[in-house]
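>>> structural data only, the sequence is not supplied:
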C-alpha cells in the first residue's frame, strides 16, 4: 500500500473502531462480535507499529495504557468544578424549592427540575478541542485538579473523538467516573484469591484506579463514566434546558444516566427520590443520593452561586450506609447446608436507615484477613436490604483486652464435629442427617427426583410435615400414618394414601440413588454412581479410607475427605441405621464387569439429538457401564455429535478423538444391549 492508501485506511479504521466502541459501551447495542472488533484493532496496531507518525491522541489504540508516569501534573479548570449543597429530609427539599421561588420572585407554585441518581464515584472534567479529547482532570479543589488524561483515555465509555453535528471548537464536559458493581466484585475476588488487600467500596476502587501512575492498571479495571454537566463551551450553543443539553451530549457520543428525568416541583423530586431508593440495589452502579437541578438554563444563570456551590442544584442524600460501633461478641450460626457463619453481636448503631445489632463476618478467612477481634471498634456497612456486614476494623481504637475469634470444634446446634477442608473458606457441621439446622433441607434432598424420587413429597409438604412436628429426620417419613396425613391442610384420604404408597415404593432404591440421597458434600449423581459401581455395598463405602476412595475415578482428596468425615460421624450412622430399620434396602449393583460391555469407555455427547434426549442417551450408556463426561480430553473414547455441535466437536477433531453421529450412537446402544 502507498503512504496515501495507508493513511486513508488508518482513518477508516479510526472511524470504524470509534463507531463500534460507541455502540458497545455507550448505546449497549453492539453490531459486530468481539472477535471482529479485535481484528480491526490489531490491524490498526500493526499499521501504527510500522508508521509511528500515524499515532494520534484520538487513536483507539491509545486506550490500552502507556508507560507509568512519575507524577501527575496540576491543571487549572477553565470553569470551576463546583460542589453541591445537601438535603437530608423531605422538608429540606421543600424548603430548597421555596428559597428558589422567593429569589426568582415567581408567582407560580413549583419549578421544573432535572433529576438523576448521584453516582458514588470520582468527578472528572474532560476537555475537547475540535472534537478530540486533549485533557482529563480530577476535580481537585474545584479550581485546580490533576492531569489524568492518560488514564481517562483507557475508559471505553469516554469518547476519544466526538460524533454528530455542530461539534464545538472547545468543550468541557463534567462527569462521574465509577466502577460497576460487577467489576468491583470481580476485582476484590481477584485480590482475595491472591491474598492481597481488597477495596472497601466501589468509590474507593474507582478513585484508586483512576489515580494510578501506571495507566495499564487503570485500563484493566473496567471503569465507566456518565456525564452530568458542561463547563466551557465555544463554537456551539446548548439548548435552553439542562435535560436537552444532556441529550445533546449524548448525540455527541457521551453516556448519560438512563435514569435521568424531568419532574415538576419538590413533590416530583421527592417521588423520584423514593423510586430510586427502592430500585437502588438493582442498579448496576453505586449511588448515595439524588441530584435536583433547575431545568431551565437561563434560570440557573439568574440564580447564580453561593460560595462554591450553585444555588440552583442540591443533592438529596440517602441515609448513611457505614457507621462505627463496638463488636461485643461473635456467635456461629449453622445454615441449612451445614455452613457455619460467624455473626457479630454489636452495640446498636443506626446505619442505612435502620438500627443494626448483628452483622455477618462471612467466614474465618475474612476474619483473619480483616484482623477482626472481639472488643474492636468496627465499621459496619449496610446497603439496602443486604445483610449488614463488618467492613473493617478501626485499629487505632483497639483495646488491650480485645480477643481473637476462634472457630468452634463442634457444631453449636447438634455437637457434631466441624470440618474445614483445606482450600475451602467455609467450615461445616458434619452431622448433615442429624443436625436440626440441616434436617429440613436433608429431607427435601432425600425425597428429590434424583434421590429416592418420592412422588408427592414436594418441598412445601416437607415444610408442613416438619412444622407440624410429624417428622424431624428422614427415617420419620416411613413412620407416617394415614390419620396423620389426612389432618394436614389440602391433604385428603386419597392424597394421603398415594403418598404412603410412594414411600413404600421408595424403600428399594439403587445403591447409587441411596448414596446420593444422603447429601454428602460434593457427592453428586455421577460420583454416587461411581462409588456404587466400585464398592458395590453401602458397608464397604462407609468403611473405606481416603486412599481407598481415591481409587475411584473422579474422586479426589477433597471428595474423599468429605465422604470419610460423613461416615465417621456417629449421628449420621444412627440415621442411616434407622432408615434400614424402617425397611429401606439399597439395592447393590448386580451386574458383573463382563455384563457391562461399555465398562471403561468414556463418551461425550454434544449438539442436539433428534431421536433421543441427551439425558436418555446418557442414562442408557451409563447403564451399559460407560462413563459420560461433559468435556473432551485425551481419555475420551469417542464423541457423539448431533446438530449444531460446537466447541466439543472442534476439540475432539483437534485431539484426533473419533466422532460419530446419532445413528451410530443408537447402533452402539442396540448392539451393547444385546451383549448384556
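Here it is on my side, so go on. Keep in mind it's a predicted model, so treat the numbers as computed, not measured.
>>> flag every buried residue along the lengthiest helix in the chain.
Looking across the chain with DSSP state H, the single longest helix is helix 3-25. For helix 3-25, a neighbour-count test (16 or more other CB atoms under 10 Å) marks 10, 13-14, 16-18, 20-22, 24-25 as buried. C-beta: built from backbone N, CA, C; applies to glycine.
>>> any chance of the residues you listed in TSV, plus pLDDT and distance to residue 631?
Converted to TSV, those look like this (pLDDT from 0 to 100; distance: CB to CB, whole Å):
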residue	pLDDT	distance to residue 631
10	86	43
13	87	38
14	85	42
16	86	37
17	83	36
18	80	40
20	80	33
21	75	35
22	74	38
24	64	31
25	59	33
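>>> could I get the residues you listed as TSV with distance to residue 656?
Shown next, in TSV, are the buried residues of helix 3-25 (distance: CB to CB, whole Å):
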residue	distance to residue 656
10	43
13	39
14	44
16	40
17	39
18	44
20	38
21	41
22	45
24	38
25	42
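>>> which strands and helices sit next to the following helix or strand past the longest helix of the chain?
Heading C-terminal from helix 3-25, the first helix or strand you meet, by DSSP states H and E, is helix 34-50. Judged by 3 or more CB pairs under 8 Å, 6 or more residues apart in numbering; DSSP states H and E, helix 34-50 is in contact with helix 3-25.
>>> and the angle for the helix it packs on with helix 34-50?
Put simply, helix 3-25 runs at 140 degrees to helix 34-50, going by axes from the mean of the first three to the mean of the last three CA atoms, to 10 degrees.
>>> just checking, what packs against helix 3-25?
On a contact count with 3+ CB pairs under 8 Å, 6+ apart, helix 3-25 meets helix 34-50.
>>> list the buried residues of the helix or strand following the helix it packs on.
Downstream of helix 34-50, the next assigned helix or strand under DSSP H and E is strand 74-76. Going by neighbour count (16+ other CB under 10 Å), the buried part of strand 74-76 is residue 75.
>>> you'd agree residue 479 is up against residue 582?
Yes - assessed by CB atoms under 8 Å, residue 479 is found in contact with residue 582 at 7.0 Å.
>>> who has more neighbours, the two?
Set residue 479 next to residue 582 and count neighbours by other CB atoms under 10 Å: residue 582 wins out with 15 against 12.
>>> quick check: chain neighbours aside, which residue is closest to the more buried one?
Leaving aside its sequence neighbours, residue 582 sits nearest to residue 478 (CB to CB, 6 or more residues apart in numbering; 3.8 Å).
>>> three-state assignment of that neighbour?
With DSSP: H, G, I helix; E, B strand; the rest coil as the basis, residue 478 sits in helix.
>>> which residues touch it?
With contact taken as CB atoms under 8 Å, 6 or more residues apart in numbering, residue 478 is in contact with 503, 507, 579, 582-584.
>>> and the pLDDT at residue 1?
For residue 1, the pLDDT comes out at 62.
>>> got it, and residue 489?
Here, the pLDDT recorded for residue 489 equals 81.
>>> what's the burial count for it?
If you count neighbours by other CB under 10 Å, residue 489 ends up with 6.
>>> need the nearest residue in space to it, chain neighbours excluded.
Excluding its sequence neighbours, the residue lying closest to residue 489 (CB to CB, 6+ apart) is residue 464, at 7.1 Å.
>>> you'd agree the one you found is in a strand?
No - judged by three-state DSSP, residue 464 forms no part of a strand; its state is helix.
>>> just checking, it touches residue 487?
No - with contact defined as CB under 8 Å, residue 464 does not reach residue 487; the gap is 10.8 Å.
>>> so which of these two has more stuff around it?
residue 464 (16 against 11).
>>> and that one, what's its pLDDT?
Predicted confidence (pLDDT) at residue 464: the value is 88.
>>> confidence score at residue 384?
At residue 384, the model reports a pLDDT of 52.
>>> for the residue lying closest to residue 21 once chain neighbours are set aside, helix, strand, or coil?
Nearest non-adjacent residue to residue 21, counting by CB to CB, 6+ apart: residue 156, 6.1 Å away. Classification of residue 156 by three-state DSSP places it in coil.
>>> for residue 156, the count of nearby residues, please.
For residue 156, the count of nearby residues is 19 (other CB under 10 Å).
>>> and the pLDDT for it?
Looking at residue 156, its pLDDT is 89.
>>> who does the helix or strand hosting residue 114 touch, helix- and strand-wise?
Under the criterion of DSSP H and E, residue 114 resides in strand 112-119. Secondary-structure packing of strand 112-119 (3+ CB pairs under 8 Å, 6+ apart): helix 242-251, strand 261-264, helix 265-279, strand 287-294.
>>> tell me where the stretch 101-250 of the chain has helices.
149-152, 181-193, 202-210, 215-219, 242-251 (DSSP state H, counting those that start in this stretch).
>>> residues in contact with residue 443?
Contacts of residue 443 by CB under 8 Å, 6+ apart are 462, 466, 471, 473-474, 477.
>>> need those residues in CSV (columns: distance to residue 110 and neighbour count).
Formatted as CSV, the contacts of residue 443 follow (distance: CB to CB, whole Å; neighbours: other CB atoms under 10 Å):
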residue, distance to residue 110, neighbour count
462, 56, 22
466, 56, 17
471, 62, 21
473, 65, 21
474, 65, 25
477, 65, 24
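>>> any idea of the pLDDT on residue 359?
Per-residue confidence (pLDDT) for residue 359: 92.
>>> same question, residue 65
pLDDT for residue 65: 52.
>>> from residue 285, how far off is the spatially most central residue of the chain?
Central residue of the chain (CA atoms, centre = their mean): residue 182, 5.8 Å from the mean position. For residue 182, the distance to residue 285 equals 10 Å [CB to CB, to the nearest Å].
>>> lowest-scoring secondary structure element of this protein by mean pLDDT?
Lowest on mean pLDDT, DSSP states H and E among the helices and strands of the chain sits helix 34-50, with a mean of 78.
>>> list the buried residues for that one?
Buried residues in helix 34-50, defined by neighbour count with 16+ other CB under 10 Å: 37, 40-41, 43-45, 47-48.
>>> all helices for the stretch 401-550 of the chain, in order.
Using DSSP H, counting those that start in this stretch, the helices of the stretch 401-550 of the chain run over 436-447, 459-467, 482-486, 493-505, 511-517, 525-535, 538-543, 546-549.
>>> out of these, which is the most enclosed?
The highest average neighbour count among the helices of the stretch 401-550 of the chain, using mean count of other CB atoms under 10 Å, belongs to helix 511-517 at a mean of 23.
>>> please name every helix or strand in contact with that one.
Contacts defined by 3+ CB pairs under 8 Å, 6+ apart place helix 511-517 against helix 525-535, helix 538-543.
>>> that older thread, and the residue nearest to the centre of the chain, what is it in contact with?
So residue 182 contacts residue 284 (CB under 8 Å, 6+ apart).
>>> one step back: relative to residue 332, which of the helices of the stretch 401-550 of the chain is closest?
Among these, the nearest to residue 332 by CB to CB is helix 436-447 (10.8 Å).
>>> distance from the chain centre to that closest one, please.
27 Å (CA atoms, centre = their mean, to the nearest Å).
>>> quick one: mean pLDDT over that helix.
Per-residue pLDDT over helix 436-447 has a mean of 86.
>>> got it, and stretch 111-130?
pLDDT averaged over stretch 111-130 gives 93.
>>> repeat that for stretch 237-252.
Stretch 237-252 shows a mean pLDDT of 93.
>>> ok, stretch 77-92 next?
87.
>>> bridged to the residue nearest to residue 242 when sequence neighbours are not counted, which residues?
Distance criterion CB to CB, 6+ apart; nearest residue to residue 242, sequence neighbours excluded, is residue 114 at 4.6 Å. According to DSSP bridges, the residues that bridge with residue 114 are residue 262, residue 293.
>>> whichever strand or helix holds residue 576: how far from the chain's middle?
Here residue 576, judged by DSSP H and E, is contained in helix 570-581. Centre-to-centre, helix 570-581 and its host chain are 39 Å apart (CA atoms, centre = their mean).
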